[in-house]
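K.L.:
no sequence on hand, only this structure:
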């Protein structure tokens, strides 16, 4: 009997608490929306960055392409890499690589890596425009490639992976 009286009193207390909650409803007044537009202040930045992480490319080829496009405008770099894809321009390499005709000593046509770099350069170009920098005056002043985490293949080998960072800055002529 004692248990029944406890449950009744508990249920009565719960009902009272629920009634109190209902009594304390707060009405929220909605203020009319202001029709004035918010002014967005855009701060002009000095440099822009584009990163490529875990690219399926050889770090060595990425390093030589970074050296190839450094100190060029973004449009010139994109044009040069498109010429590499069409076998019209050579990326200078070092080591035991065959010599090429012209002023260059040795080089190759890293086509697949060039196809990975072109979207990164387009991203860098978009970042330059978003940061209100002048596209004609910007140059790629920093291009770097380093090893990324390399997952294992079947048989204990490693896949090729690279991280690439490109930075552009306005240069006074």
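P.N.:
Alright, I've got the coordinates. Predicted model only: the values in this text are computed from it and were never measured.
K.L.:
only C-alpha atoms from now on, for both contacts and neighbour counts.
P.N.:
OK.
K.L.:
and residue 92, its phi and psi?
P.N.:
In terms of degrees, to the nearest 10, the main-chain angles of residue 92 are phi -70, psi 130.
K.L.:
what of the one 3 residues further on?
P.N.:
Recorded main-chain torsions at residue 95 are phi 110, psi -160, according to degrees, to the nearest 10.
K.L.:
please apply the same query to residue 159.
P.N.:
phi -80, psi 160.
K.L.:
tell me, what residue is most central in the chain?
P.N.:
Of all residues in the chain, the one closest to the mean position by Cα atoms, centre = their mean is residue 51, 4.7 Å from it.
K.L.:
what about residue 44, how many neighbours?
P.N.:
The tally of other residues near residue 44 (other Cα atoms under 10 Å) stands at 11.
K.L.:
going forward can the numbers begin at 12, since that is how I track them
P.N.:
Sure, I'll start numbering at 12, so the last one becomes residue 55.
K.L.:
right, and it touches residue 144 too?
P.N.:
Yes: shown here, residue 55 and residue 144 form a contact pair, counting by Cα atoms under 8 Å, at 7.1 Å.
K.L.:
flag every buried residue along stretch 65-82.
P.N.:
Buried positions in stretch 65-82, judged by neighbour count with 16 or more other Cα atoms under 10 Å: 65-70, 72-82.
K.L.:
in helices, which of the residues you listed appear?
P.N.:
70, 72-80 (DSSP state H).
K.L.:
could you dump these to JSON lines with distance to residue 169 and pLDDT?
P.N.:
Rendered in JSON lines, the data for those read as follows (distance: Cα to Cα, whole Å; pLDDT from 0 to 100):
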{"residue": "70", "distance to residue 169": "13", "pLDDT": "92"}
{"residue": "72", "distance to residue 169": "16", "pLDDT": "93"}
{"residue": "73", "distance to residue 169": "17", "pLDDT": "95"}
{"residue": "74", "distance to residue 169": "19", "pLDDT": "95"}
{"residue": "75", "distance to residue 169": "21", "pLDDT": "94"}
{"residue": "76", "distance to residue 169": "22", "pLDDT": "96"}
{"residue": "77", "distance to residue 169": "23", "pLDDT": "95"}
{"residue": "78", "distance to residue 169": "25", "pLDDT": "95"}
{"residue": "79", "distance to residue 169": "27", "pLDDT": "94"}
{"residue": "80", "distance to residue 169": "28", "pLDDT": "95"}
